[in-house]
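Asker: Make a model of this:
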Amino acid sequence: MSAFNPEDFLVLVVDDVSKNIQVLVEMLERIGYSTTFTRSGPEALTRIDACHPDLVILDLMMPGMDGLQVCQHLKTSGHHRDPPVIVLSASNEQEHIVQAFERGAVDYISKPFRPTELLARVRTHLELKRMRDSMDQQQSQAQAQAQAQTQAQTQAQADAQTQEPASQGETGIAAMVHELSAMHKVLAELTKATLPPNQAAMVNELSERSTRLSGQLQQYLDLGDA
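Answerer: Alright, predicted model coming up:
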């Protein structure tokens, strides 16, 4: 997997207070992230549909549609690409944090937030999303290659033109196994860190998925060698 580059990611900031938006946007852009922002829940949903951000930083308490309602809409609306959502919470809103997690938020940051903490959490969830997206893509590619190779192997004529794509398919799957192995090592290091329960659960899920998919691909390669 390529090195993490903030310039590859778009972060949506949602807050009804302009000063908060300015602080967050300047902080993120200074690191290299691309940003976009809105000042209300309905605008946030429209922007998510239009821009497909990689992560959303969402103020929990806003007039009209609040952060909880935005999270609920994202959770129940299948047409969204489901970006990870980090909610911003004031100290007197702690009772709403559990509700935010139940509605799909992946993390929260208390106001006033510390820049180093916010940036660290943003990067952690973008890294996890990137791993999850990579595994989904590799699984789709592996299934497509396996189907193509199976069709080639069942053809009546086992000539060179049929065998060459099969060999290329095996090479591609072997490369995926290698990349999944490298990804699993990164996840293993993350499991050693002290993470909030929801982040730990996400890391464990990704680790299990990478192990399972790598094993399935390796079994397929072993069958091809038999």
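Asker: And the helix ranked longest in the chain, what does it pack against?
Answerer: Across the chain, the longest stretch assigned as helix under DSSP state H is helix 115-153. If you count contacts as 3 or more C-beta pairs under 8 Å, 6 or more residues apart in numbering; DSSP states H and E, helix 115-153 packs onto helix 18-31, strand 55-59, strand 85-89, strand 107-110, helix 160-192, helix 197-225. For glycine as for every other residue, the C-beta is placed from the backbone atoms N, C-alpha and C.
Asker: how distant is the third one from the center of its chain?
Answerer: Going by C-alpha atoms, centre = their mean, to the nearest Å, the spacing between the C-alpha centre of strand 85-89 and its chain's C-alpha centre is 16 Å.
Asker: which residues touch whichever helix or strand comes after it?
Answerer: Using DSSP states H and E, the helix or strand that follows strand 85-89 towards the C-terminus is helix 97-102. With contacts defined as C-beta atoms under 8 Å, 6 or more residues apart in numbering, helix 97-102 is touched by L60, G67, L68, C71, V87, S89, Y108, N198.
Asker: Now, of those, which are buried?
Answerer: L60, G67, L68, C71, V87, S89, Y108 (16 or more other C-beta atoms under 10 Å).
Asker: can those residues go into CSV with extra columns for pLDDT?
Answerer: Shown next, in CSV, are those (pLDDT from 0 to 100):
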residue, pLDDT
L60, 92
G67, 93
L68, 93
C71, 93
V87, 95
S89, 86
Y108, 91
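Asker: What count of nearby residues applies to V56?
Answerer: 24 (other C-beta atoms under 10 Å).
Asker: Could you check how far it is from E208?
Answerer: 26 Å (C-beta to C-beta, to the nearest Å).
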